[in-house]
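A.B. asks: Got a predicted structure here, sequence first:
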Amino acid sequence: MEDLTIIMPTPNKVPKKWAEYHKQILLDAIGATSLITISKEPLDWGQNILQTEYGLLNLFKQLLRGAKLATTPFIAVAEDDTLYPKEHFMFRPPIDKIAYDMNRWILFTWGEPFYFHKPHPSNGGMIAPRALFIEALEERFAKYPDEMPSWLLKEVGRHEGKYGMREIPTVNFYSSAPFLCFNHDYSVDSGEVNHRKRIWPVQAFDIPVWGRAEDIRKKFQ
């Protein structure tokens, strides 16, 4: 995947054992694909750059830093609480559209262990033309350099037009294998921290690649 760079931001808040497991799974999925890690604590894998802030606004600042550092035509985000199969990173959108993988499953680290399907855009499921992604975020920060409306602290392509900016076309896709997002107490999302996230209707105790929910959840510790 020579045309793709993976950008993985982390504030190093997830459990250490999980971080090691996540690293193993991600590296297996991407092989020799270019990788930029953006972390609060130095990492010895990928091209590592450091961050000192935390929060949603900072997340987009760091993604913009990573995208500018990359040199490939396409970028993908890999979040530190999300497990990816190699199939996810094989998709490429048209050069004028941001893509989001809808084969997305969620697992809470609290309560009964089960998965639910959440076909909704997420930063962790994004694959994008690098130039288009940079242009979109630069326009956001040019208009809101210090503070940003909460509805703009969302995935690229969802709300730009409402704030007088260029509308960014998007395309959804379903990879042939699911990717798995954990909801947990270390998140920047207050709904996760307070265990108040909505459960979507399609649910399962076992899904392809990741197996039984009760087993994979034990990795997040």
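C.D. replies: Right, received. Where do you want to start?
A.B. asks: who's sitting farthest from the centroid in the protein?
C.D. replies: For the chain, the largest distance from the centre (CA atoms, centre = their mean) belongs to Gly164, which lies 25.7 Å off.
A.B. asks: For this structure, which segments count as helices?
C.D. replies: All helices of the chain, identified by DSSP state H, fall at 16-30, 56-69, 130-143, 190-193, 213-217.
A.B. asks: Only C-alpha atoms, please: export the shortest one in PDB.
C.D. replies: Listed in PDB are the C-alpha atoms of helix 190-193, where the atom choice follows Å, rounded to 0.1, in the frame of the first residue of the first chain:
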ATOM      1  CA  SER A 190     -18.000  12.400  27.800                       C
ATOM      2  CA  GLY A 191     -20.700   9.900  26.800                       C
ATOM      3  CA  GLU A 192     -18.200   7.100  26.900                       C
ATOM      4  CA  VAL A 193     -16.800   8.200  30.200                       C
END
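A.B. asks: residues in contact with the spatially most central residue of the chain?
C.D. replies: Nearest to the mean C-alpha position of the chain, by CA atoms, centre = their mean, lies Gly124 at 1.6 Å. Contacts for Gly124 (CB atoms under 8 Å, 6 or more residues apart in numbering) come out as 77-79, 82, 179, 181. Yep, even glycine has a C-beta here, placed from its N, CA and C like the rest.
A.B. asks: switch the cut-off to 7 Å
C.D. replies: Going by CB atoms under 7 Å, 6 or more residues apart in numbering, Gly124 touches 77, 79, 82, 181.
A.B. asks: Please tell me the pLDDT value assigned to Phe179.
C.D. replies: We note a pLDDT of 98 for Phe179 in this prediction.
A.B. asks: What's opposite it in the beta bridge?
C.D. replies: Arg104 (DSSP bridges).
A.B. asks: related to what we said a few turns ago, dihedrals phi and psi, the closest residue to the residue nearest to the centre of the chain other than its chain neighbours?
C.D. replies: With CB to CB, 6 or more residues apart in numbering as the criterion, Gly124 has its nearest non-adjacent residue at 3.8 Å, and that residue is Glu79. Here is the backbone geometry of Glu79 (degrees, to the nearest 10): phi -90, psi 150.
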